[in-house]
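give the three-dimensional model of this entry:
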Amino acid sequence: MGDIVNLNRERKLRRRTEANGAATANRAKHGLPKIERLRQLKKSERDAKHLADKKIDRD
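Sure thing, here's the model as predicted:
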């Protein structure tokens, strides 16, 4: 036989962990000042351009 599990407690725990994951994503998305967001955007664009320049066309 398995252990006795309180289903309400398990449901609450699952909801809490899901909410924590969403909160973490929102903090990452909305937690940066505008300057930092722009700096990250420029860096990602620069990195993407750098990779595109290095790509070899095989046509």
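
how much space separates the residue sitting nearest the centre point of the chain from residue 16?
Most central in the chain under Cα atoms, centre = their mean is residue 25, positioned 5.2 Å from the mean C-alpha point. According to Cβ to Cβ, to the nearest Å, residue 25 and residue 16 sit 15 Å apart. (C-beta placed from N, C-alpha, C; glycine too.)

over to residue 26?
15 Å.

cool, residue 33 as well?
Here the criterion is Cβ to Cβ. By it, residue 33 lies 29 Å from residue 16.

in the chain, which helix has the most residues?
helix 7-30 (DSSP state H).

state the mean pLDDT of it.
Averaging pLDDT along helix 7-30 yields 91.

helix or strand next in line after that helix, which one?
helix 34-54 (DSSP states H and E).

need the mean per-residue confidence for that next one.
Here the average pLDDT along helix 34-54 is 94.

use 22 as the first number for this chain going forward.
Sounds good: first residue 22 from here, last item helix 55-75.

identify the residues contacting it?
Helix 55-75 is touched from outside by residue 53, with contacts defined as Cβ atoms under 8 Å, 6 or more residues apart in numbering.

again, 10 Å this time
Residues outside helix 55-75 that contact it (Cβ atoms under 10 Å, 6 or more residues apart in numbering) are 50, 51, 52, 53, 54.

residues contacting the fourth one?
With contact taken as Cβ under 10 Å, 6+ apart, residue 53 is in contact with 59, 60, 61.

just curious, which of those is nearest to residue 33?
When those are ranked by distance to residue 33 (Cβ to Cβ), residue 61 comes first, at 35.5 Å.
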